[in-house]
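A.B. asks: prediction below, plus the sequence it came from.
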Amino acid sequence: MMALFPVSCGGCGQPLSHRPQYLLCQLCQDALADNPASVGGLLISGVPYYAPYLYGGPVEDMIWASKFRGRIDLSRQLGHLLMDAPHTASMIAKSDLLVPVPLSPIRGFQRGFNQSFEIARVLADRGQRPIHRGWRRKHRHAQHKLNREARLTNLRGAFLRPKGVENKRVLLVDDVITTGSTLSEAALALIDAGATSVTAIAVAQTNWSYLKT
């Protein structure tokens, strides 16, 4: 359910007297400005990716609240945050279809929404590109509860063959890249289903030295 006004800051949780940009108070917006930008590279599958923020500070708080505290409003603000990053618009312009990483039916029921879909919907609306719906994924252990080694194998074979991606340049959308295993497995499924190309985009990328494993 979408959070109603009055609402709290997506970073520090302090009550907001209005609805500022990205639903962040001034202190958290200032902290956001110090976050490294324009991080890109290759996933373990060889698929190129772009993630403009490091997973930490207000960005981490927004993603966490979106996933685990029902803040669908923050999912959409993460979409605007990603859309306003330097290279996002050009990546959307080079794509034919935006594909959010799906949740398993069980995980979707537990959360009530798919945060990656909400992020992708903002990108699709502002970038004027269609969004893919209906892709399915088998239920597996939650990635955030696993160590690095387990994450790398947990999702093998989890993504069912998607329909409607044949001969499409796909932009695969997620909230955060940790090991890259989720996006890699999803990208391989898209390529196997006939996508012409796949590029991945996420709001943030983790640094494993900051994480508990």
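C.D. replies: Received, thanks. Keep in mind the model is a prediction, meaning the values are calculated, not measured. Residues are numbered from 1 along each chain as shown.

A.B. asks: all strands of the chain, in order?
C.D. replies: Using DSSP state E, the strands of the chain run over residues 39-42, 48-51, 53-54, 97-100, 169-177, 197-205.

A.B. asks: so which of these gets nearest Trp64?
C.D. replies: Trp64 sits nearest to strand 169-177 of all those, at 9.5 Å, using CB to CB. Glycine gets a C-beta too; all of them are placed from N, C-alpha and C.

A.B. asks: flag every buried residue along that closest one.
C.D. replies: 170-177 (16 or more other CB atoms under 10 Å).

A.B. asks: next: stretch 110-117.
C.D. replies: Result for stretch 110-117 [16+ other CB under 10 Å]: buried residues 111, 113-117.

A.B. asks: how far does it sit from the chain's center?
C.D. replies: 11 Å (CA atoms, centre = their mean, to the nearest Å).

A.B. asks: then stretch 71-86?
C.D. replies: 9 Å.

A.B. asks: so what touches it?
C.D. replies: 1-3, 7, 10, 21-23, 37-38, 50, 52-53, 59, 62-63, 65-66, 88-89, 112-113, 115, 118-123, 126-127, 175, 201-203 (CB atoms under 8 Å, 6 or more residues apart in numbering).

A.B. asks: need the contact list for the most centrally placed residue in the chain.
C.D. replies: Nearest to the centroid of the C-alpha atoms of the chain, with distances taken as CA atoms, centre = their mean, sits Asp175, at 1.8 Å. When contacts are counted by CB under 8 Å, 6+ apart, Asp175 touches 63, 66-67, 75, 78, 115-116, 119, 202-204.

A.B. asks: which of those residues fall in helices?
C.D. replies: 63, 66-67, 75, 78, 115-116, 119 (DSSP state H).

A.B. asks: give me the nearest residue to Leu27, chain neighbours excluded.
C.D. replies: Excluding the flanking residues, the one nearest Leu27 by CB to CB, 6 or more residues apart in numbering is Cys12, at 6.8 Å.

A.B. asks: still on that earlier bit, just put the buried residues of stretch 110-117 in a markdown table and tack on distance to Ser95 and pLDDT.
C.D. replies: Formatted as a markdown table, these follow (distance: CB to CB, whole Å; pLDDT from 0 to 100):
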| residue | distance to Ser95 | pLDDT |
| --- | --- | --- |
| Arg111 | 26 | 84 |
| Phe113 | 23 | 92 |
| Asn114 | 19 | 94 |
| Gln115 | 20 | 95 |
| Ser116 | 16 | 96 |
| Phe117 | 16 | 96 |
